[in-house]
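A.B. asks: what's the 3D shape of this:
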Amino acid sequence: MSGHSKWKTNKNKKAAADAAKGAAYTKLIKEITVAAREGGNPDTNSRLRTAIAKAKEANMPSDNVKMAIKRGTGELPGVVYESVIYEAYGSGGVAIIIEALTDNKNRTTAEIRNIMSKKGGNLAGAGSVNWMFVKKGYILINKNDAKEEDLLNTVLEAGAEDMKQDSENYEIVSSVQDFEQVKTALQKKGFKCQSAELTMIPSSTVKLSGNDAKQVLSLVEALEEHDDVQGVYANFDIPDEILDQISSS
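C.D. replies: Predicted coordinates for the structure are as follows:
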């Protein structure tokens, strides 16, 4: 997953910049609204709890969060959003999963298909790539911010499944159920998380370089910028040096 950690670090920085401009609020409000359908109490609704935590990290005003929850629970009228999962392939045979929330599935599908067409990807049938991924908690911590032994003891005690490392980061994986518990344990110990999210982790990866790498990253970025897209997951593995070259070009 080394190629992913650098990508996720860059994504996290971009997300912070977008949040500062307010560009991320629409997606966060959608997620909170849909999550609140399952119950408006974050203590008993893990999806809502995670969405609220993201909103706080993005410095979203608490009034916006409260209004989104009330729309989700039906206390206030609002738009009804539908969850849609798209499966696709990008350059080099990379498998891609796209999670979206939309009030118009036909419009969103047409727009996603258009992005795919322009960026060298293709939508695939249901079940084509989903089997390659499993939903997990994923936390990224810079090596400069933690001692390996202290970090390992903390995450294992909190219920994490695995901890890996590359030249710059520690990658911590947990079950969906234990994600909040692991994240809270790290925060209590003073560890700084570069990224902490529920994500789809691939069972195998596809190594990319050159034009395929550029094309896939361009496709993923275009998908992530779509207002209805909540998450994009792909099984590419791009060497750090190539990611750095593409980022600086």
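A.B. asks: could you list the low-pLDDT ranges of this protein?
C.D. replies: 1-23, 246-249 (pLDDT under 70).
A.B. asks: mind listing the strands for it?
C.D. replies: All strands of the chain, identified by DSSP state E, fall at 82-89, 95-102, 122-124, 133-142, 162-165, 169-174, 195-202, 206-207, 229-234, 236-237.
A.B. asks: closest to Asn41 out of those strands?
C.D. replies: Closest approach to Asn41 among those (C-beta to C-beta): strand 195-202, 18.9 Å. Yep, even glycine has a C-beta here, placed from its N, CA and C like the rest.
A.B. asks: ok, that closest one: who's next to it in the sheet?
C.D. replies: In its sheet, strand 195-202 lies beside strand 133-142 (antiparallel), with partners assigned from DSSP bridges.
A.B. asks: sorry, back to before: ok, which of the strands of the chain comes nearest Pro42?
C.D. replies: With respect to Pro42, and counting by C-beta to C-beta, the nearest of these is strand 195-202 at 14.7 Å.
A.B. asks: dump the closest one to PDB, restricted to CA.
C.D. replies: What follows is the C-alpha trace of strand 195-202 in PDB, where atoms were taken according to Å, rounded to 0.1, in the frame of the first residue of the first chain:
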ATOM      1  CA  SER A 195      -5.700  10.800   7.600                       C
ATOM      2  CA  ALA A 196      -8.400   8.800   9.500                       C
ATOM      3  CA  GLU A 197     -11.300   7.400   7.400                       C
ATOM      4  CA  LEU A 198     -13.400   4.400   6.500                       C
ATOM      5  CA  THR A 199     -12.200   3.300   3.200                       C
ATOM      6  CA  MET A 200     -12.200   0.400   0.700                       C
ATOM      7  CA  ILE A 201      -8.900  -1.500   0.800                       C
ATOM      8  CA  PRO A 202      -8.000  -3.600  -2.300                       C
END
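A.B. asks: just want the angle from that strand to strand 169-174.
C.D. replies: Orientation of strand 195-202 against strand 169-174 (axes from the mean of the first three to the mean of the last three C-alpha atoms, to 10 degrees) gives an angle of 70 degrees.
A.B. asks: going forward can the numbers begin at 4, since that is how I track them
C.D. replies: Understood, numbering begins at 4; the last thing we discussed is strand 198-205.
A.B. asks: give me the contacts around strand 198-205.
C.D. replies: In this structure, residues lying in contact with strand 198-205 by C-beta atoms under 8 Å, 6 or more residues apart in numbering are 4, 11-12, 14-15, 53, 57, 98, 100, 135-143, 176, 179, 182, 186, 234, 236-238.
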